[in-house]
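Show me how the following folds:
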Amino acid sequence: WFATEENLRATQAAEAIVDSPGSALNPLVIIGPSESGRSHLLHALAQGVLRRQEGGVFLLGAADLVSLERLPEGWQEALAHARLFAVDDVHMVADQPEVASMLGMMVDYALNMGVHVVLTSMIEPHRWPASRLWDLIKNAASVNLFSPKPTSLVLFARKLALQRSLMLDDGQLASIVLHNEASWRATKANFDMVALAIESGQELLDGDDVASVLSGELIKSQRPRPAVEREQVSDIATRLIAEASDVVYSDHKIGGIELHSTLPTIGEDDYEPPQFDTEAMARNAESRHTAYMRTALEDIDPSLPSVLALHEREEHLVARTGRIEERDYSTAADILTDLDESIDAKIGAFESEFTEQGVRLGQLEQKMIQLAEQTSEASIEELIQIADDLRRLEEELVEIDPEREPLPPFEEDVEKKRRTVGRRKKKPVADPQEALDSYVPEGEWDVDAANIDMMDLLEDEPVRKITLSTISPATITPLGEEE
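Okay, here's the model as predicted:
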């Protein structure tokens, strides 16, 4: 598919359908005369939707619908799982009531199921006879295709020449386009004939040679030329002298004038023929040909991008690398500037964070040194406070280094049971020696052996005695009265 100004709007509509089938432009009618590319565009659109692999694609032509007597079995289930329903040359069946009615049923069902419907016709829908199909399509979106202009066909022929690496000038391309009726198919057929002649070894120098090839005539280089009779130089000189002598008269010399001429003596010279390097000449010719091809390609107007281009799947697999064009300099500069600023911001944030953490580590180191100096002369309460401070320092170190494992949490104190009033049962007295061997004191070992006897550790706690008393009300004597 080759996009030109005559089919630009239709190409854009087809690209929109391929990008998101079933959403916008549903249904769509493509209207155009013969040789405008209606069927070609419809097939390209169907192939584009099929490559999405999102569902089936059904493409029907007028030949499939003319002889249709009834709808085939299972058509509803088939359309329900389809992605596109396309019908070519609808104008050929629009005037047949039965076929138009059945086609209208299929189009109606497809629209209700969210299937995209695309139709092509040579006649506008409002000019169709009244039918169910006409009722559904008369207000549908439509795009027009126009017959290509000669200038568009010349661009098309140039694209074909570039694809086959053929160098044709504008005169030769114009001869290809204007030889027959200006149309896509005629241009393609004429170009194939010219390409065949060039690839077979014929030299086409101008547009007349191209016209001769297309007309089946011989080109100038192949036409027979009359043989030229060659004479020797001495014969030509004798004839010229005789003709000159016939017109010369003299009254002094009887018998005419005789002409005598001596040949000049040509000596030896120091001329030497140049020595040609065939390999260097071949390399230079190849480089000149490459430069000419590059210049010719740059002069060609770039074709409009299209999702319907030939070999689209292969083009996506090719990595296109090259130098940035001049028109993209500003865009590339903006992108690189944004990248540079973002990289500088990231590096600056990392440096500031690194500096902040370094200062924080220095402060923690000073605190740890101070706690270490206080440990030697600290009391029990101060040691407990130092342990708490060390734990807080450890938590700060964990915040700085996430990979550092945190300290285990403190174990909660076991809740002590409240004692109840009553007598304790007297425990049996064990052997003092066994009790000493198995006794492990609780808490810290701050026992002064000079004041405590080891036997005192085995004595039971004294029994608590409870004294009961009676509370009686007291009589208060008023002031001023005697007892």
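
For the rest of this, base every contact and every neighbour count on C-alpha atoms.
Noted.

what separates residue 95 from residue 132, distance-wise?
Residue 95 sits 12 Å away from residue 132, going by CA to CA, to the nearest Å.

of those two, who's got more company?
More neighbours surround residue 132 than the other of residue 95 and residue 132, with 19 against 15 (other CA atoms under 10 Å).

isn't the more buried one right next to residue 98, touching?
No: Residue 132 lies out of contact with residue 98 (CA atoms under 8 Å); the separation is 9.8 Å.

quick one: common contacting residues for these two?
Residues touching both residue 132 and residue 98 (CA atoms under 8 Å, 6 or more residues apart in numbering): there are none.

The stretch 1-150 of the chain: helices as residue ranges?
Secondary structure of the stretch 1-150 of the chain (DSSP state H, counting those that start in this stretch): helices at 8-19, 38-50, 62-66, 75-80, 97-112, 132-137, 150-163.

Let me fix that, I meant to ask about the stretch 201-350 of the chain.
So, for the stretch 201-350 of the chain - with DSSP H, counting those that start in this stretch - the helices run 207-215, 233-245, 278-299, 312-316, 329-375.

Worst mean pLDDT among these?
Ranked by mean pLDDT, the helices of the stretch 201-350 of the chain bottom out at helix 312-316, with a mean of 56.

that older thread, same list, the helices of the stretch 1-150 of the chain, but as JSON lines with distance to residue 209 and mean pLDDT please.
Below are the helices of the stretch 1-150 of the chain laid out as JSON lines (distance: least, CA to CA, whole Å; pLDDT from 0 to 100):
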{"stretch": "helix 8-19", "distance to residue 209": "34", "mean pLDDT": "87"}
{"stretch": "helix 38-50", "distance to residue 209": "32", "mean pLDDT": "88"}
{"stretch": "helix 62-66", "distance to residue 209": "42", "mean pLDDT": "81"}
{"stretch": "helix 75-80", "distance to residue 209": "54", "mean pLDDT": "83"}
{"stretch": "helix 97-112", "distance to residue 209": "51", "mean pLDDT": "86"}
{"stretch": "helix 132-137", "distance to residue 209": "50", "mean pLDDT": "84"}
{"stretch": "helix 150-163", "distance to residue 209": "17", "mean pLDDT": "87"}
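
In CSV, list the ones you listed along with distance to residue 368.
CSV is the format used below for those (distance: least, CA to CA, whole Å):
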stretch, distance to residue 368
helix 8-19, 66
helix 38-50, 71
helix 62-66, 92
helix 75-80, 76
helix 97-112, 78
helix 132-137, 86
helix 150-163, 79
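
Out of those helices, which is closest to residue 392?
Closest to residue 392 of the helices of the stretch 1-150 of the chain is helix 8-19 (CA to CA; 60.4 Å).

any idea how far that closest one is from the chain center?
Computed by CA atoms, centre = their mean, to the nearest Å, the chain-centroid distance of helix 8-19 equals 19 Å.

buried residues in it?
By 16 or more other CA atoms under 10 Å, the buried positions in helix 8-19 come out as 8, 10, 11, 12, 13, 14, 15, 16, 17, 18.

Let me know the closest of those residues to residue 113.
Of the buried residues of helix 8-19, the one sitting nearest to residue 113 (CA to CA) turns out to be residue 17, at 16.4 Å.

tell me the pLDDT at the closest residue to residue 50 other than its chain neighbours?
Once flanking residues are discounted, residue 50 sits nearest to residue 57: 6.3 Å by CA to CA, 6 or more residues apart in numbering. With respect to pLDDT, residue 57 has a value of 88.

Over to residue 35?
83.

Without its sequence neighbours, what residue ends up closest to it?
Once flanking residues are discounted, residue 35 sits nearest to residue 183: 6.3 Å by CA to CA, 6+ apart.

okay, now that neighbour: neighbour count?
Using other CA under 10 Å: residue 183 sits among 20 other residues.

could you list every residue that touches it?
Residues near residue 183 by CA under 8 Å, 6+ apart: 35, 36, 147, 148, 153, 177.

Out of those residues, the closest to residue 44 would be?
Of the contacts of residue 183, the one sitting nearest to residue 44 (CA to CA) turns out to be residue 36, at 14.1 Å.

circling back: near the residue nearest to residue 50, how many other residues are there?
By other CA under 10 Å, 20 other residues sit near residue 57.

any idea how far it lies from residue 27?
15 Å.

ditto for residue 268
90 Å.

out of these two, which sits in the busier spot?
With neighbours defined as other CA under 10 Å, residue 268 and residue 27 compare such that residue 27 has more, 23 against 6.

Would you check that that one makes contact with residue 118?
Yes: counting by CA under 8 Å, residue 27 touches residue 118, with 5.8 Å between them.

thought residue 154 was touching residue 177?
Yes: using CA under 8 Å, residue 154 is in contact with residue 177, at 6.4 Å.

Those two: who's more crowded?
Remark: of residue 154 and residue 177, residue 177 carries more neighbours, 28 against 21, as counted by other CA under 10 Å.

Does that one touch residue 184 like I think?
No: applying CA under 8 Å, one finds residue 177 not in contact with residue 184, separated by 9.1 Å.

any shared contact partners between those two?
Shared contacts of residue 177 and residue 184 (CA under 8 Å, 6+ apart): residue 153.

Give me the local confidence score for the closest residue to residue 95 other than its chain neighbours.
Take residue 95 and drop its neighbours on the chain: the residue closest to it by CA to CA, 6+ apart is residue 129, 5.8 Å away. pLDDT for residue 129: 83.

and residue 129, how far is that from residue 116?
Distance of residue 129 to residue 116, given as CA to CA: 24 Å.

and the two? which has more neighbours close in?
Shown here are residue 129 and residue 116; by other CA under 10 Å, residue 116 has more neighbours (25 against 16).

give the contact list for that one.
By CA under 8 Å, 6+ apart, the contact set of residue 116 is 21, 22, 23, 26, 27, 83, 84, 85, 110.

burial of the third one, as a residue count?
Read that as residue 23. Residue 23 has 13 neighbours, counted by other CA under 10 Å.

Could you do the fourth one as well?
Using other CA under 10 Å, residue 26 has 18 neighbouring residues.

same check, this time on the last one
Using other CA under 10 Å, the number of residues around residue 110 comes to 23.

from memory it sits against residue 117, does it?
Yes: Residue 110 lies in contact with residue 117 (CA under 8 Å); the separation is 7.2 Å.

what do these two both touch?
Common neighbours of residue 110 and residue 117, counting by CA under 8 Å, 6+ apart, are residue 85.

List the contacts of residue 154.
170, 173, 174, 177.

From residue 283, how far out is residue 384?
From residue 384 over to residue 283 (counting by CA to CA), the distance is 90 Å.

what's stretch 205-213 in contact with?
Contacts to stretch 205-213, defined as CA under 8 Å, 6+ apart, come from residues 169, 171-176, 179, 193-194, 197, 204, 218-220.

Mind giving me the ChimeraX select for those, buried ones only?
The ChimeraX command for the buried members of these (criterion: 16+ other CA under 10 Å) is given here:
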select :172,173,174,175,176,194,197,204,219
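
residue contacts, residue 125?
134, 137, 138.

Try it again at 10 Å.
By CA atoms under 10 Å, 6 or more residues apart in numbering, the residues touching residue 125 are 29, 31, 90-91, 94, 133-140, 142.

Need the buried ones from these selected in ChimeraX.
Buried residues among those (16+ other CA under 10 Å), as a ChimeraX selection:
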select :29,31,90,91,94,133,134,136,137,138,142
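
Select, from the contacts of residue 125, the two members most distant in space.
31 and 135, at 17.4 Å, using CA to CA across the contacts of residue 125.
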